[in-house]
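Trainee: need a structure here:
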Amino acid sequence: MHQHRKLIDASRDILKKAIDHIKGGLMEAKAKKRGFKVIKNLGGHGIGRSLHEAPDELMNYRNRFDGRRFKKNSVVAIETFIPTSSSIG
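Mentor: Predicted structure coming up:
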């Protein structure tokens, strides 16, 4: 685990920032500053009576075509998806 300490610390810090200031592109920008990438085909999602509900596909990067806004009292899973190494990113 020691070899992945940098990744663990970055993921924890980025997750805290995303919870406090949820906005598109935040995770990708913060990961990049720490030398990491995000996996672009994985993201967060809404949670309700079942595990995966709307809003779906809450990506960890900024998509300028996604104009959705969070509704008050939404419950979502925020997932960092920062790999140690990957060709997906």
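
Trainee: can you tell me what sits against the top strand by length along the chain?
Mentor: Ranked by residue count under DSSP state E, the longest strand found in the chain is strand 53-59. Residues from elsewhere that reach strand 53-59 (C-beta atoms under 8 Å, 6 or more residues apart in numbering): 24, 40, 43-47, 66, 68, 70, 74, 76-78. Heads up, the C-betas are built off the backbone N, CA and C, glycines and all.

Trainee: ends of stretch 24-38, what's the gap?
Mentor: 13 Å (C-alpha to C-alpha, to the nearest Å).

Trainee: check the offset of the longest strand of the chain from the chain's centre.
Mentor: 11 Å (C-alpha atoms, centre = their mean, to the nearest Å).

Trainee: what strands flank that strand, and is each parallel or antiparallel?
Mentor: Strand pairing for strand 53-59, determined by DSSP bridges: strand 43-46 (antiparallel).

Trainee: and the strand it pairs with, which residues are buried?
Mentor: 43, 44, 45, 46 (16 or more other C-beta atoms under 10 Å).

Trainee: if we can go back for a sec, what average pLDDT does the longest strand of the chain get?
Mentor: The average pLDDT for strand 53-59 rounds to 87.

Trainee: for stretch 28-47, same thing?
Mentor: For stretch 28-47, mean pLDDT rounds to 92.

Trainee: re the thing from before, so which of the buried residues of strand 43-46 is the closest to residue 11?
Mentor: residue 44 (13.4 Å; C-beta to C-beta).

Trainee: tell me where the protein has helices.
Mentor: 5-20, 26-33 (DSSP state H).

Trainee: all set, thanks.
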